[in-house]
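*Asks:* the sequence and its predicted three-dimensional model are supplied below.
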Amino acid sequence: MNRWPRRITLIFVVFATTVMLATVGLGWFIAPRDELRRTDAIVVVSGGETESRAETGISLWHRGLAPRLVFSGAAADRGTSNARVMQQLAVESGVPPSATIIEEQSSTTKENAEFLKPTFEAQNIRSAILVTSPYHARRVKVTFEDTFGDEISFLTYPATDSRWARRSWWHHPDTIRLTLSEAGKTFYATFLD
């Protein structure tokens, strides 16, 4: 009896299963969501769908998960910074301006962390929830942990994104590109930066 067809079928099944698990797993890997607890601050970094990110951070603040709400990000168009726009949304939703901190100079994830470090030290912030888009969550956490070291503990809580979901990112060419790009940047931030 010829066993080659069975072996080829088995190899194909193992290969297809591996590809499927890697595809699904990549979305879950780059988009972690930690169990929330009260922290010293909620940090919202600007970027894709900044308004959704801001609304998520504001909602967490209203739930009482931190006394301070930090917004970080420069203006993409050299106008009003993303941080200032997010702060205005927070104030309009009832967050007192005194509960907010803004950092308006950063234009990269690394700069978000680096520019916030002196503020965190001055304000004695020892724990924070990081809010960003889901595909960006792992890289934000890795970058902040690398910048701050063991001084501060970080949790991630991704905002919803209208285009991207970890359960279906492979359905559209633009979200495939976004996911693979973010996975590469996360790998770089974790192992090479």
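*Replies:* The structure has been received and is ready for your questions.
*Asks:* which residues does the helix or strand harbouring residue 88 contact?
*Replies:* Assigned by DSSP states H and E, residue 88 falls within helix 82-92. Helix 82-92 is touched from outside by 44, 46, 50-51, 53-55, 57-58, 61, 69, 71-76, 97, 100, 102-104, with contacts defined as Cβ atoms under 8 Å, 6 or more residues apart in numbering. C-beta here means a position set from N, CA and C on the backbone, and glycine is covered the same way.
*Asks:* so what's residue 69 bridging to?
*Replies:* On the basis of DSSP bridges, residue 69 is bridged to residue 42, residue 100.
*Asks:* could you give the number of residues near the closest residue to residue 81 other than its chain neighbours?
*Replies:* Among residues not flanking residue 81 along the chain, residue 104 sits closest, at 3.8 Å (Cβ to Cβ, 6 or more residues apart in numbering). If you count neighbours by other Cβ atoms under 10 Å, residue 104 ends up with 17.
*Asks:* pretty sure residue 104 sits against residue 78.
*Replies:* No: using Cβ atoms under 8 Å, residue 104 makes no contact with residue 78, being 11.5 Å away.
*Asks:* quick one: pLDDT of residue 10?
*Replies:* With respect to pLDDT, residue 10 scores 59.
*Asks:* so who does the residue nearest to the spatial centre of the chain touch?
*Replies:* Geometric centre of the chain, nearest residue: residue 137, 2.3 Å, by Cα atoms, centre = their mean. Listed by Cβ under 8 Å, 6+ apart, the contact set of residue 137 reads 30-33, 130, 156-158.
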